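Peer 1: Have a look at this prediction, sequence included:
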Amino acid sequence: MSVRIRLTLSYAGFLLVAGTLLLAIVWVFLLRYVPSGDIATSGPFVPNRGDLVRAFLPPAAWALLFLLLLGLVGGWVLAGRMLAPLDRITTATRQAAQGALSHRIRLEGRQDEFRELADSFDSMLARLEAQVAEQQRFAANASHELRTPLATTQVLLDVARSDPDADTRVLLERLAEINGRAIDLTQALLLLSRAEQVPFDREEVDLSLLAETAAESLLPLAERRGVAVEVSGDAALTSGSRALLLQLTTNLLHNAIVHNLPSGGTVSVTTASSPGWATLTLENSGEPLPPSEVARYTEPFQRGADRARSDHDGVGLGLAIAARIVHAHGGTLELVPRAEGGLRVTVALPGT
């Protein structure tokens, strides 16, 4: 039986039991005090218990039958009204199962259990729709970026096949470079997809130590590009994954070094601690950046107005990975273009 039928039978049964109990109370507290034999009296006729029972039972039976019918009809109507929000939620669930994630219940009325369930379901659909849209956009971007090295490899192989006298050493160097970039892109994609989904053990981490470690590991890249890196600041303690936060710091510093002036560039890394927060700030020199473009830098494969190209170190996922790691740690990532050129990146994480 459906829930509506069960509720209807429950309402009708409850009403019938309540009526029977009321009649039983009348019997127990009234009729039992009436004598069962003939009552001798010289005046008007006085009915005894049998007379009252014979007069009382037929109306009582009709009353119980009326209560049963009233309970069935009224219970059916009330159950339908009570279950109407569930029908709307079920309809929305079926539409979502068919891929219509833009549908919303938008249940009206007071803030009761059904309204809370409907609002929670709408919020879940909104988050799911945003995640699916992001995944579809990310899959399209990733397919585009992975197709480029594969297509380039195919072209090089076709050229080498058509020219048997070509220098294979140059070909192998180009293929190794393209293959290495494809491997880096694949690893970055895996890290980006896992940044917010994989649970991690939290430990106390000092952002100042991570900044020094990242600066030491990227020092050869900075020297090769003629960029001076300066690390300063106080201890900034936060709670999280040391590996992910080191990846965050490394990605931000790598991005600041690569996207800098052709020569004589600078990168400043500072850490600070304030009540409840630990901050990491990176400032790099460079060309003036329009704020409208800066807002898109945390999207995958974005760098300025163009997509990540093969002539840049990295695969265009540094800031995207950093944004995911910061979000997974409950922090904020702010990108602000500097008036004199370049970018200021501020990471704020909950302090310990």
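Peer 2: Yep, it's here.

Peer 1: Work out for me the element S208 sits within.
Peer 2: Per DSSP states H and E: S208 is located in helix 207-217.

Peer 1: Would you mark the buried spots in that helix?
Peer 2: L207, S208, L209, L210, A211, A214, A215 (16 or more other CB atoms under 10 Å). Heads up, the C-betas are built off the backbone N, CA and C, glycines and all.

Peer 1: which secondary structure elements does it contact?
Peer 2: strand 227-233, helix 242-258, strand 265-274, strand 277-284 (3 or more CB pairs under 8 Å, 6 or more residues apart in numbering; DSSP states H and E).

Peer 1: if you average pLDDT over each of those, which comes out lowest?
Peer 2: Confidence, taken as mean pLDDT, is least for helix 242-258 of these (a mean of 87).

Peer 1: Convert the C-alpha atoms of that helix to CSV, please.
Peer 2: The C-alpha trace of helix 242-258 is given here as CSV (Å, rounded to 0.1, in the frame of the first residue of the first chain):
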residue,chain,number,x,y,z
ARG,A,242,52.0,19.7,4.9
ALA,A,243,52.3,18.2,1.4
LEU,A,244,49.4,20.0,0.0
LEU,A,245,50.4,23.3,1.5
LEU,A,246,53.9,22.9,0.2
GLN,A,247,52.4,22.3,-3.2
LEU,A,248,50.3,25.4,-2.8
THR,A,249,53.3,27.5,-1.9
THR,A,250,55.4,26.0,-4.7
ASN,A,251,52.7,26.6,-7.3
LEU,A,252,52.3,30.2,-6.3
LEU,A,253,56.0,30.9,-6.3
HIS,A,254,56.5,29.1,-9.6
ASN,A,255,53.7,31.2,-11.1
ALA,A,256,55.3,34.4,-9.8
ILE,A,257,58.7,33.6,-11.2
VAL,A,258,57.5,32.4,-14.6
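
Peer 1: by contact count, what packs against it?
Peer 2: Secondary-structure packing of helix 242-258 (3+ CB pairs under 8 Å, 6+ apart): strand 203-206, helix 207-217, helix 219-224, strand 227-233, strand 265-274, strand 277-284, helix 318-328, strand 343-350.

Peer 1: If we use 7 Å, what do you get?
Peer 2: strand 203-206, helix 207-217, strand 265-274, strand 277-284, helix 318-328 (3 or more CB pairs under 7 Å, 6 or more residues apart in numbering; DSSP states H and E).

Peer 1: Tell me which of the ones you listed lies nearest to S2.
Peer 2: helix 318-328 (43.6 Å; CB to CB).

Peer 1: between the closest one and helix 242-258, how many degrees?
Peer 2: 150 degrees (axes from the mean of the first three to the mean of the last three CA atoms, to 10 degrees).

Peer 1: next helix or strand past helix 318-328?
Peer 2: Counting by DSSP H and E, the element that comes right after helix 318-328 along the chain is strand 332-337.

Peer 1: that older thread, as TSV, the helices and strands packed on helix 207-217 with distance to L21 would be great.
Peer 2: Shown next, in TSV, are these (distance: least, CB to CB, whole Å):
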stretch	distance to L21
strand 227-233	78
helix 242-258	66
strand 265-274	68
strand 277-284	65
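
Peer 1: okay if I get these as a markdown table plus distance to D184 and mean neighbour count?
Peer 2: Formatted as a markdown table, the helices and strands packed on helix 207-217 follow (distance: least, CB to CB, whole Å; neighbours: other CB atoms under 10 Å):
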| stretch | distance to D184 | mean neighbour count |
| --- | --- | --- |
| strand 227-233 | 20 | 16 |
| helix 242-258 | 12 | 22 |
| strand 265-274 | 21 | 20 |
| strand 277-284 | 21 | 22 |
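
Peer 1: Out of these, which gets nearest to A182?
Peer 2: Of those, nearest to A182 by CB to CB is helix 242-258, at 18.5 Å.

Peer 1: Tell me which of the helices and strands packed on helix 242-258 approaches P85 most closely.
Peer 2: That would be helix 318-328 among the helices and strands packed on helix 242-258, by CB to CB, at 33.4 Å.

Peer 1: and that closest one, which residues are buried?
Peer 2: Applying 16+ other CB under 10 Å to helix 318-328 flags G318, L319, A320, I321, A322, A323, R324, I325, V326, A328 as buried.

Peer 1: Could you give the average pLDDT over it?
Peer 2: 82.

Peer 1: other SSEs contacting it?
Peer 2: Checked by 3+ CB pairs under 7 Å, 6+ apart, helix 318-328 has helix 168-194, helix 242-258, strand 332-337 packed alongside it.

Peer 1: what's across from T271 in the sheet?
Peer 2: Per DSSP bridges, the residues bridged to T271 are G233, L280.

Peer 1: quick one, what contacts it?
Peer 2: Listed by CB atoms under 7 Å, 6 or more residues apart in numbering, the contact partners of T271 are L207, S208, A211, G233, D234, A236, T279, L280.

Peer 1: Who are the contact partners of the second one?
Peer 2: Okay, so that is S208. Listed by CB under 7 Å, 6+ apart, the contact partners of S208 are G233, D234, A235, A236, T271.

Peer 1: Turn the residues you listed into a markdown table, columns for distance to L244.
Peer 2: Formatted as a markdown table, the contacts of S208 follow (distance: CB to CB, whole Å):
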| residue | distance to L244 |
| --- | --- |
| G233 | 20 |
| D234 | 22 |
| A235 | 19 |
| A236 | 16 |
| T271 | 17 |
